[in-house]
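1. Give the three-dimensional model of this entry:
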Amino acid sequence: MLTKQDLEYRRNKIGASDSGSIMGVNPWMSPLMLWEQKLGLREPCQENSAMKRGNDLEDAARDHFTQLTGIKVKPRRIEHQTIPYMFATYDGISDCGECIVEIKCPGEKTFNMALSGEIPEYYMSQIQHQIEVAKPKESYYFCFNGTSGVVVEVKSNKTYIEELLKKEAQFYRCIVELYPPEATIKDYKIRDDLEWEECALKYTKTNRIEWWVKFYGSRYHTIERIEKRIDPLFDSSGSQGT
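-> Alright, predicted model coming up:
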């Protein structure tokens, strides 16, 4: 679980866990949501059951990884050597820094994907970010279900990392310049409740009135007269008539 100091450190930096949102592959958070978190405009994500499971199992998973591979690793945070805002917190990295591992303790579906050598894109973005920061010789994705684990080797993808660095630089500028990134579909909420329908009706009607004032203001001098002209276009149920 992240401490208050951890959250403060991350505000003006970009970590591996941010990369999925920035690349647009995080199923739960858009670039705009992440930007709002960085600026303190949105509350940090609260620990859910999946996150708690991962935290509870991480030590056991790290030990299991060592048993399977013979590679001893420990958690550590590293900053990029030339990009000051870029860092990565590793679930496991060897003392020599030549081996890293990203540990996940997910549900059955993601574990079965690992058995087939597949890695969800959201996790892959994290690992490629980590590879760029530490530049290790060996990188692994370790999927642990509480009793057994699957080791998947991950190679550096230069093309992906180039795009990652480009988008992270753009996102960092948004933080520094206090300019929000473009909204995505995740930033919109679909509503069809009565309150929303009434607001939408008022908005539509107001736009129609403004249009009449602009083009026919000389004929209909008052808002009241324009409203009488427009009202028949809206039926009694609150929706616009045809």
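2. where does this protein have low pLDDT?
-> 1, 205, 208-242 (pLDDT under 70).
3. on contacts alone, who are the packing partners of the helix or strand harbouring Met51?
-> For Met51, the host element (DSSP states H and E) is helix 49-69. For helix 49-69, the packing partners by 3 or more C-beta pairs under 8 Å, 6 or more residues apart in numbering; DSSP states H and E come out as strand 87-93, strand 99-104, strand 138-144, strand 149-153. (C-beta placed from N, C-alpha, C; glycine too.)
4. Out of those, flag the one nearest Ala169.
-> Evaluated over the helices and strands packed on helix 49-69, closeness to Ala169 peaks at strand 87-93, with 14.5 Å, by C-beta to C-beta.
5. ok, the closest one: who's next to it in the sheet?
-> Using DSSP bridges, the strands paired with strand 87-93 are strand 74-79 (antiparallel), strand 99-104 (antiparallel).
6. most neighbours per residue, which of these?
-> strand 99-104 (a mean of 24; mean count of other C-beta atoms under 10 Å).
7. For whatever helix or strand comes next after that strand, give me every contacting residue.
-> The first helix or strand that comes after strand 99-104 along the chain, using DSSP H and E, is helix 108-115. Helix 108-115 has contacts (C-beta atoms under 8 Å, 6 or more residues apart in numbering) with 104, 119-120, 141, 143, 145, 150, 152.
8. let's see 10 Å
-> Contacts with helix 108-115, where a contact means C-beta atoms under 10 Å, 6 or more residues apart in numbering, come from 104-106, 118-120, 123, 141-146, 148-152.
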